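Q: Attaching a predicted model along with its sequence, questions to come.
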Amino acid sequence: MNLSVTSLLGLRDLSREEIEFILDQTGSFKEINYRPIKKVPTLRGKTVINLFFEPSTRTKTSFEIAGKRLSADVINFSSSQSSITKGETLSDTAKNLEAMKPDLLVVRASASGVPELLSRMVKTPILNAGDGLHEHPTQGLLDLFTVREHKKRIEGLKIAIVGDILHSRVARSDIYGFSKLGAEVTVVGPATMIPPGIEELGCKVAYHLEEVVPEMDVIMMLRIQMERGSGKFFPSTREYSRFFGLSLKKLASAQKDVLIMHPGPINRGVEISPEVADGPFSVILDQVENGVAVRMALLYLFCGGQDAATA
Amino acid sequence: MNKGVPMPKKKKVMDAEAIRRALFRIAHEILERNKGLKDLALIGIRKGGEQVAVRLAKIIEEIEGGPVACGFMDVTMYRDDLYHMSHQPEVHKTEVNFAIEGKVVVLVDDVLFTGRTIRAAMDSLIDLGRPRSIQLAVLIDRGHREFPIRADFVGRNLPTSRTDLVSAVLDGDGRKDKVELIESEEPKEKE
């Protein structure tokens, strides 16, 4: 199957068939992570630059491991150690990096739209590793893969995404991904953190966590993002936690096979209690594990053949 | 009728019976060469070799009355022509659920052609562990090798032109198995 895009900017741009194809390919790559020698020669001679304009440990490490297990040369670049601090513009940085002939750029930025802007300026394929409040497509794909692995399907499932929907790029990618694959997505949070018109992305809205817990197959808890000013949208962390934090008590009415997910990093005791995060329903570490496999599949698919590189 | 553009000629070169007999012979040869089941493992190369390996494993188990390790391998990630393709080919699962350390691994494929797939399979196998030896069983050897590779067990040697296609179809119960030679439309190379 040929993907319709040369850069992955968001799940919004992919069709259901394309998403399912990527998930199937992920299944084929996952096995490499359990071998005694966790390396295949597939991307030998390819150069991947991790261009991170915003701090990240999980996503950056995950991309780096994925690239190295496929034998690509992975170069990490973070804005704090770069010419950005000397006043170089984004486009100049990108064009300079492109002049060094990488085969793929992985871009993380605190401003929405940076990967798309770069994709118009350079010919190198780009994978969006999370941009501002827009999308985090690789997280969306690993969430889909993890749910499909546990539930054997996506179609017809009920998914709740709980917390700071306003500031969450993960929520947007998850809403696109899960609804394209036929799940019913409900976003839950304080009214101040539900962006007006979010229903247009194809999800329902709820304001009381207790009311939706019993009918859900998957509950995705989001992090309260203090660095983006989440704290201004509710009176206190304690109050937020009381109404929207997932505790054992709130989970008591859930289905017996509910999946608890979280894109990380988790604030223990704020949006999720430690007993729930480490409990039997939690697949939080499966998400991290599957993240490497998803990114291996994406690096493989977007590093492209000869035509893609010269086109 | 469309003159000038001849229809590709399709010729059945093996029917279900012929395939069954060839696989029986190969199974016996594998057991004879390796003196039984000890340390023996079959690994079919996806997709074409998968069914051939399943059939061989079944016949070997019938003959010896014991189980034989059987796995499947996708060699896409080890191909040397990945960068010559316009887009990335689909990757299938590798399922080898046993340790190959010290095993005699018989690689199984449907059609042996240039030998490039077998080269990739051997590299891939060695990344999974260190087998004692690697042998190769194929249903059809159609010639035109580009690497110094030779099969240990061959169902049938089939003379072909480089541009011909050979298609082996093995289905679930084996009754509709067939191998077809589809001759190319291009003029044959002169001797």
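A: Thanks, I have the structure now. Numbers count the residues shown, from 1 in each chain, chains lettered A, B, ... in the order given.

Q: What's the separation between the residue most central in space within chain B and residue A:94?
A: Centroid-nearest residue in chain B: residue B:109, 1.2 Å away (criterion: Cα atoms, centre = their mean). Residue B:109 sits at a distance of 45 Å from residue A:94 (criterion: Cβ to Cβ, to the nearest Å). Every C-beta, even on glycine, is put in place using the N, C-alpha and C of the backbone.

Q: what does residue B:44 give?
A: 46 Å.

Q: and if you look at residue A:212?
A: The value you get for residue A:212 to residue A:94, if Cβ to Cβ is used, is 42 Å.

Q: returning to what we had before: what's near enough to touch the residue nearest to the centre of chain B?
A: Taking Cβ atoms under 8 Å, 6 or more residues apart in numbering or on different chains as the criterion, residue B:109 is in contact with B:44-45, B:48-49, B:52, B:117-118, B:121, B:136-139.

Q: sorry, back to before: looking at residue B:44 and residue A:94, which is more packed in?
A: Comparing residue B:44 with residue A:94 by neighbour count (other Cβ atoms under 10 Å in any protein chain shown), the higher total belongs to residue B:44, at 27 against 23.

Q: Not counting sequence-adjacent ones, nearest residue to that one?
A: The shortest distance from residue B:44 to any non-neighbouring residue, by Cβ to Cβ, 6 or more residues apart in numbering or on different chains, is to residue B:53 (2.8 Å).

Q: again, but for residue B:20
A: residue B:174 (6.6 Å).

Q: ditto for residue A:259
A: Among residues not flanking residue A:259 along the chain, residue A:218 sits closest, at 4.7 Å (Cβ to Cβ, 6+ apart).

Q: for residue A:166, same thing?
A: residue A:193 (4.6 Å).

Q: separation between that neighbour and chain B?
A: 40 Å (Cβ to the nearest Cβ, to the nearest Å).

Q: And for residue A:174?
A: Relative to chain B, and taking Cβ to the nearest Cβ, residue A:174 is found at 25 Å.

Q: For that residue, give me the pLDDT.
A: Looking at residue A:174, its pLDDT reads 98.

Q: wouldn't it be in contact with residue A:185 here?
A: Yes. Between residue A:174 and residue A:185 there is a contact at 7.2 Å, judged by Cβ atoms under 8 Å.

Q: joint contacts of these two?
A: Joint contacts of residue A:174 and residue A:185 (Cβ under 8 Å, 6+ apart) are A:159, A:161.

Q: Helix or strand: which one has the residue nearest to the centre of chain B?
A: strand B:104-112 (DSSP states H and E).

Q: which is the next helix or strand following that strand?
A: Assigned by DSSP H and E, the successor of strand B:104-112 is helix B:116-128.

Q: Following that next one in sequence, what is the next regular element?
A: strand B:133-141.

Q: residue contacts, residue A:64?
A: Contacts here follow Cβ under 8 Å, 6+ apart; on that basis residue A:64 touches A:50, A:74, A:76.

Q: Got phi/psi on it?
A: Main-chain torsions, residue A:64, degrees, to the nearest 10: phi -70, psi -40.

Q: For chain B, just list every one of the helices.
A: With DSSP state H as the definition, chain B shows helices at residue ranges B:16-34, B:48-64, B:116-128.

Q: Same question for the stretch 151-300 of chain A.
A: Applying DSSP state H, counting those that start in this stretch to the stretch 151-300 of chain A gives helices spanning A:169-180, A:209-212, A:237-244, A:248-251, A:274-277, A:284-303.

Q: Quick check: which helices or strands does the last one pack against?
A: Spelled out, it's helix A:284-303. Packing partners of helix A:284-303 (3 or more Cβ pairs under 8 Å, 6 or more residues apart in numbering or on different chains; DSSP states H and E): helix A:16-30, helix A:58-69, strand A:104-109, strand A:126-131, helix A:137-151, strand A:259-261.
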